[in-house]
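Asks: Take this sequence and fold it.
(one chain, ligands or ions: 2)
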Amino acid sequence: MSTTAGQVIRCKAAVAWEAGKPLVIEEVEVAPPQKMEVRIKILFTSLCHTDVYFWEAKGQNPVFPRILGHEAGGIVESVGEGVTDLEPGDHVLPVFTGECKECAHCKSEESNMCDLLRINTDRGVMIHDQKSRFSINGKPVFHFVGTSTFSEYTVVHVGCLAKINPLAPLDKVCVLSCGISTGLGATLNVAKPKKGSSVAIFGLGAVGLAAAEGARIAGASRIIGVDLNANRFELAKKFGVTEFVNPKDYTKPVQEVIAEMTNGGVDRSVECTGHIDAMISAFECVHDGWGVAVLVGVPHKDAVFKTSPLNLLNERTLKGTFFGNYKPRSDIPSVVEKYMNKELEVEKFITHEVPFSEINKAFDLMLKGEGLRCIIRMDA
Ligand code: NAD
Ligand code: ZN
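Replies: Ligands and ions are numbered 1, 2, ... in the order given. This is a model prediction of the structure:
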């Protein structure tokens with residue numbers, strides 16, 4: 001039992017007081033974990049676009065003051081009532097969506113959309129008592145997607161924690177908490193390309209490059225990267241992308257360009273842009289008879305997917321995925337093992353590192369579109 005168990009911990013956290021304003025490092029109080037909750041010490045966290053979207057709060061419900069952050073690695077400090085499968089000292093990755101292991105989704109082999117712990121971006125409190133575990137001078141500071149990792153200590157539902165190999169370096173595997181696993185799983189679990197097949201990846205951000213990494217691991221022989229930003233192409237070579245297509249270089253639709261390059265279409269495609277035109281192209285560029293397209297990007301709320309039903313009758317398959325179809329607790333430990341046995345390369349996603357005191361620099365890098373992942377070291 002740690003000496004802090006059952007006590008309020010005072011520590012540093014980066015608080016978003018207002019939409020779009022730099023985060024402020026504050027001393028916060030972190031209450032002990034309640035029923036089915038775990039308090040963890042965060043060692044490393046990284047920044048993902050979703051944090052920036054909710055910090056900007058342009059299209060989302062503004063919930064402030066709030067502690068953002070959801071890609072991270074940490075160590076269990078103490079556990080609340082009813083927690084039996086984690087104990088102090090365990091290494092964990094918090095995940096923005098959960099696995100209660102009891103609902104119909106968790107019991108189904110085919111779903112990772114847990115009824116109880118599925119992502120909820122509007123909720124700023126814990127499920128158990130609808131209260132926040134964070135406060136400043138007694139005033140609550142809200143949680144974000146059940147993780148709030150921009151804090152030295154945070155409280156998370158046990159169902160949103162993947163217990164991982166304690167030998168895995170947390171400064172690397174922390175990025176497997178969200179975007180990288182999403183792209184990787186979209187290819188390995190949903191698109192499932194066969195060895196020697198062709199795969200088109202739309203959007204070469206961190207998620208798309210992780211999808212490309214999945215295609216490389218699956219043994220695809222052609223990986224065609226599609227992006228409107230030609231600056232992405234050089235970087236993408238490291239991820240096994242073999243050919244590049246910039247839709248801006250052509251007058252005809254990109255799906256026709258890809259069909260010509262591949263004798264009728266690619267075997268698989270994975271869309272990681274969030275733009276509806278790319279989603280439609282990603283579907284229409286797969287080969288008839290066997291092609292499978294997987295949508296990963298989160299579209300604008302009013303977007304409508306339009307295509308001829310003949311594309312489906314001609315035996316093309318359209319699928320979508322949430323968190324790469326991984327169940328957070330059951331499957332993420334094995335993604336970490338893929339890194340440990342050198343099947344999956346994680347280092348190439350990590351392009352920057354900043355101390356916690358300079359967390360706003362990580363936001364600046366992402367807003368400028370520089371690099372892929374910036375690791376934030378909590379002890380510095
Ligand atoms: P990113 O912004 O870093 O990368 C997107 C890339 O797509 C950019 O390089 C951009 O130039 C390119 N692009 C935009 N429009 C395009 C078009 N029409 N054709 C070709 N390329 C185009 O984003 P990211 O962090 O890699 O995330 C990608 C998407 O995945 C986002 O929509 C994000 O919300 C989504 N996402 C989904 C899940 C899920 O569970 N389904 C999880 C995490 C992220
Ligand atoms: Zn569940």
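Asks: Can you tell me, leaving aside adjacent residues, what's nearest to Asn189?
Replies: Asn325 (4.2 Å; CB to CB, 6 or more residues apart in numbering). Any C-beta I mention is one placed from the backbone N, CA and C, and that applies to glycine too.
Asks: per-residue pLDDT, that neighbour?
Replies: pLDDT, Asn325: 98.
Asks: I'd say it and Thr187 touch.
Replies: No - counting by CB atoms under 8 Å, Asn325 does not reach Thr187; the two are 10.5 Å apart.
Asks: Any figure for the gap between the residue nearest to Asn189 and ligand 2?
Replies: Distance, Asn325 to ligand 2, using CB to the ion, to the nearest Å: 15 Å.
Asks: Just give me the neighbour total for that residue.
Replies: Counted by other CB atoms under 10 Å, the residues lying close to Asn325 total 21.
Asks: could you list every residue that touches it?
Replies: Asn325 sits next to 112, 185-186, 189-190 when contact means CB atoms under 8 Å, 6 or more residues apart in numbering.
Asks: please redo it, this time with the cut-off set to 6 Å
Replies: 112, 185, 189-190 (CB atoms under 6 Å, 6 or more residues apart in numbering).
Asks: and this structure, which of its residues are near ligand 1?
Replies: 49, 179, 182, 202-208, 226-229, 232, 247, 272-275, 277-278, 296-298, 321-323 (CB under 6 Å from any ligand atom).
Asks: What is the burial count for the residue lying closest to Gly98 once chain neighbours are set aside?
Replies: Using CB to CB, 6+ apart and skipping residues adjacent in sequence, the residue nearest Gly98 is Leu117, 2.6 Å away. For Leu117, the count of nearby residues is 25 (other CB under 10 Å).
Asks: what does the one 5 residues further on give?
Replies: Burial of Asp122, expressed as a neighbour count using other CB under 10 Å, amounts to 9.
Asks: Of all the residues in the stretch 101-250 of the chain, which one is nearest ligand 1?
Replies: Using CB to the nearest ligand atom, the single residue of the stretch 101-250 of the chain nearest to ligand 1 is Gly205, 2.1 Å away.
Asks: re earlier: hmm, which of the residues of the chain next to ligand 1 are the buried ones?
Replies: Among those, those classed as buried by 16 or more other CB atoms under 10 Å are 179, 182, 202-208, 226-227, 232, 247, 272-275, 278, 296-297, 321-323.
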